[in-house]
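Novice: sequence and predicted structure are below.
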Amino acid sequence: MRWERFFDDLEDQLASEWEAERAALDTEAERLRLSRVSLRERLLMLAERERGMSAPTFDFTDGGTLAAEVTGVGADWVALDAPSQPRAAVVAPFTGIAGVGMPHADLLRSARPAPARSPLAERLTFGFALRDLVRRRSPVMVHLSNGRALSGTIDRAGADHFDLAVHEQGAPRRAEAVSGYRVIAFAAVSRIRVDGRPPVL
C-alpha cells in the first residue's frame, strides 16, 4: 500500500516537473517570437481592429500627438485617418513615430502574428507614396522632426528625399504663389498631412 502511494507521488512529481518544463519552453518560444515582431507587423494588426472604440494615439518625433485609425501600412510608412481631420489623411514614415498609445486589449492583439500580405504591399515604400502625391499634385503640410512645419506641394520624390514647393496652405501650386523650395530628407520627416484622400492611402 505504501509503495503504491510512493509511486503515485513520484508520478505526480514527474508530471508536475514535465508541465513546468513545457511551460518554460512555451514561454521561451513566445519570447523568441516576440523578439522578431516589428513595428510594421503591430501596425498591420491595428489596421485590422474594429472601429468604434477609442482610436490609437500616435506620438511623433516632432512632439505632435494624433488620435487616428490605421488605414494602410506600406513597407516603411503608415497611413492614418484622424477623426479630428476629416478632409485629410496623414502619412508617416516609421522613423517619424515616437510611440503609439492604445488600450491593453489592442496592445495584446497587435503582438499576435500579422496576416499574410501580398508581395506588392511589401514593396510600397515611403518614396512610392510620395511619388503618388507628386502625380496627384496634392497639397501637403510637412511636419519635420525638429518641430518645423512647411506647407506646399511635393514636386519630385527621389530615393531618400523630396522637393517641396513652399506656398500658403490651401493655395494652389502656381509659380507666383511659391515662396521658396526645399529639398527634404525622408529621415527628417515626422509626418505629412495630405489634403484629400489619394487612392494609394
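Specialist: Cool, the structure landed.
Novice: and the lengthiest strand in the chain, what's buried?
Specialist: Looking only at the chain and at elements set by DSSP state E, the strand with the highest residue count is strand 149-157. Judged by neighbour count (16 or more other CB atoms under 10 Å), strand 149-157 contains these buried residues: 150, 151, 152, 153, 154, 157. For glycine as for every other residue, the C-beta is placed from the backbone atoms N, C-alpha and C.
Novice: can I get those residues in CSV including pLDDT and distance to residue 176?
Specialist: Shown next, in CSV, are these (pLDDT from 0 to 100; distance: CB to CB, whole Å):
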residue, pLDDT, distance to residue 176
150, 97, 18
151, 97, 16
152, 96, 14
153, 96, 14
154, 97, 19
157, 97, 24
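Novice: does anything pack onto the longest strand of the chain? Which helices or strands?
Specialist: When contacts are defined as 3 or more CB pairs under 8 Å, 6 or more residues apart in numbering; DSSP states H and E, strand 149-157 packs onto helix 126-136, strand 139-144, strand 161-166, strand 180-185.
Novice: returning to that earlier point: from the buried residues of strand 149-157, which single one is nearest residue 119?
Specialist: For the buried residues of strand 149-157, the minimum distance to residue 119 (CB to CB) is 22.1 Å, reached by residue 157.
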